[in-house]
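Participant: pasting the structure only:
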């Protein structure tokens, strides 16, 4: 009796991927786990380039990827599912609403409301150019002055409002006394 053992037999056990973190970046990954193929395996995510020998692909843009693996005898296996790497929508500040100080000069009752979308919630908001961030998108009890609006999403993606927000206040009243 003769038993034939294929020493080059291999299988694709698992394929995992991570999506792009911030819109417009190329930091997606694909990891291919195989077994067998003792003399070496060659991995591809486009069906053309088989120079990868680790099964680890990094720096990937959003898109569809077809995973395939060849052994040294050019035997080919293709993963049954197309791997889709996505990216979040662009993080943006849709609007900034501000209210000037009312009442008297020197009061601190102005406000700023930041309306954001895209990215990956939750958002963190700053009106001091990023020195501090808060989970609330409304800032109240503000003094007159200039404010730099920045938001960051849960992945650390950041964007800023293009213009400085200025909160104005009433003019100071100068009292000029009347002599007797």
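Facilitator: Nice, I can see it. Keep in mind the model is a prediction, meaning the values are calculated, not measured.
Participant: Retrieve the pLDDT associated with the one residue sitting closest to the centre of the chain.
Facilitator: Nearest to the mean C-alpha position of the chain, counting by CA atoms, centre = their mean, stands residue 22 at 2.5 Å. Note on residue 22: pLDDT of 98.
Participant: Next up, the contacts around it.
Facilitator: 87, 88, 91, 119, 153, 155, 156, 157 (CB atoms under 8 Å, 6 or more residues apart in numbering). In short, each C-beta sits where N, CA and C put it, glycine included.
Participant: On the strand side of things, show who the nearest residue to residue 54 once chain neighbours are set aside bridges to.
Facilitator: Leaving aside its chain neighbours, residue 54 sits nearest to residue 43 (7.2 Å; criterion: CB to CB, 6 or more residues apart in numbering). Beta-bridge pairing for residue 43 (DSSP bridges): residue 52, residue 69.
Participant: can you give me how far stretch 63-70 is from the chain middle?
Facilitator: 24 Å (CA atoms, centre = their mean, to the nearest Å).
Participant: Tell me which residues of that stretch come out buried.
Facilitator: For stretch 63-70, a neighbour-count test (16 or more other CB atoms under 10 Å) marks 65, 67, 68, 69, 70 as buried.
Participant: And stretch 104-120, by the same measure?
Facilitator: Applying 16+ other CB under 10 Å to stretch 104-120 flags 109, 110, 112, 114, 116, 118, 119, 120 as buried.
Participant: I'd like to know which elements the helix or strand that contains the third one is packed against.
Facilitator: Take DSSP states H and E as the rule and residue 112 turns out to sit in strand 110-117. Of the remaining helices and strands, those touching strand 110-117 by 3 or more CB pairs under 8 Å, 6 or more residues apart in numbering; DSSP states H and E are strand 92-99, strand 123-126, strand 138-142, strand 165-167.
Participant: Show the average pLDDT along the longest one.
Facilitator: Same thing as strand 92-99. Here the average pLDDT along strand 92-99 is 98.
Participant: Neighbouring strands - and their directions - for it?
Facilitator: Partners of strand 92-99 in its sheet, by DSSP bridges: strand 110-117 (antiparallel).
Participant: Other residues contacting the strand it pairs with?
Facilitator: Counting by CB under 8 Å, 6+ apart, 89, 91-101, 123, 125, 127, 137-144, 147, 149, 151, 161, 165, 167, 169 sit against strand 110-117.
Participant: List buried members of the residues you listed by neighbour count.
Facilitator: 91, 93, 96, 98, 101, 123, 125, 127, 139, 142, 144, 147, 149, 151, 161, 165, 167, 169.
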